[in-house]
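# Provide a 3D model corresponding to the input given below.
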Amino acid sequence: MNDKQQIALDELGNLYQKKLAALERLKQNLESEQSDLEHLKATIRLLKEQEFASGSYAKATVLHPIPTTRGVAVLVPDAPPIQLERLHGLSQPRAMIAIAKHYGGYLRTRDLSKTLIAAGLMRPTKNSQSIASRLIRDSERFERITDGYYKLKIIEAQSHQEAEPSLEVRQVQ
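Numbering: from 1, shown residues only. Take a look at the predicted model:
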């Protein structure tokens with residue numbers, strides 16, 4: 001190996017070391033940015049929980065993929081928080097259906113009990129979630145997806161009716 005080749009190899013080695021050091025700095029920056037994102041997510045979640053605690057809105061049920069008992073994942077759309085004023089004057093079953101319709105036909109027992117308590121339709125007790133669960137089971141308008149998650153049957157039936165128009169037969173007199 002001659003001197004020119006040795007110089008070229010040394011320069012390539014130095015360039016390699018510089019690029020390796022730059023890559024390490026980028027990895028550290030990436031980890032720092034990921035950590036910052038996690039902190040921001042936690043702050044946003046905390047602020048949303050404080051907004052719920054203020055009582056003007058019920059906490060939005062944000063459900064993403066839900067594994068069902070049949071092994072099929074159900075995607076639930078995000079929705080803005082329901083306004084509690086819409087629930088005043090309704091009975092618990094009617095409020096439950098209004099909440100489910102607001103969230104695209106999906107309901108979670110934990111969120112139902114919190115929303116009913118925030119709206120003043122249920123008292124906060126030790127078994128509030130059990131009461132909400134019983135309310136859902138007794139209504140027969142919900143289909144169980146998995147533990148604590150339910151889907152409104154009426155929404156599903158309405159979407160099928162819209163997809164397949166039916167023919168009406170009328171007697172002419």
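
# mean confidence for the longest helix belonging to the chain?
Determined from DSSP state H, the single longest helix within the chain is helix 3-54. Across helix 3-54, the average pLDDT comes to 82.

# What is that helix packed up against?
Where contact means 3 or more C-beta pairs under 8 Å, 6 or more residues apart in numbering; DSSP states H and E, helix 3-54 is not packed against any helix or strand. (C-beta placed from N, C-alpha, C; glycine too.)

# try 10 Å this time
If you count contacts as 3 or more C-beta pairs under 10 Å, 6 or more residues apart in numbering; DSSP states H and E, helix 3-54 packs onto helix 109-119.

# Which of the residues in the following helix or strand past the helix it packs on are classified as buried?
Downstream of helix 109-119, the next assigned helix or strand under DSSP states H and E is helix 128-139. Neighbour counts over helix 128-139 (16 or more other C-beta atoms under 10 Å) mark 128, 131-133, 135-136, 139 as buried.

# How about stretch 113-122?
The neighbour-count check on stretch 113-122 (16+ other C-beta under 10 Å) flags 113-119, 121-122 as buried.

# name the element residue 144 belongs to?
Judged by DSSP H and E, residue 144 forms part of strand 142-146.

# send the alpha carbons of that strand over as PDB?
Coordinates of each C-alpha in strand 142-146 appear next as PDB, following Å, rounded to 0.1, in the frame of the first residue of the first chain:
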ATOM      1  CA  PHE A 142     -76.600  -2.900  23.700                       C
ATOM      2  CA  GLU A 143     -74.400  -5.700  22.500                       C
ATOM      3  CA  ARG A 144     -71.400  -6.600  24.600                       C
ATOM      4  CA  ILE A 145     -68.100  -6.200  22.700                       C
ATOM      5  CA  THR A 146     -65.800  -7.100  25.500                       C
END
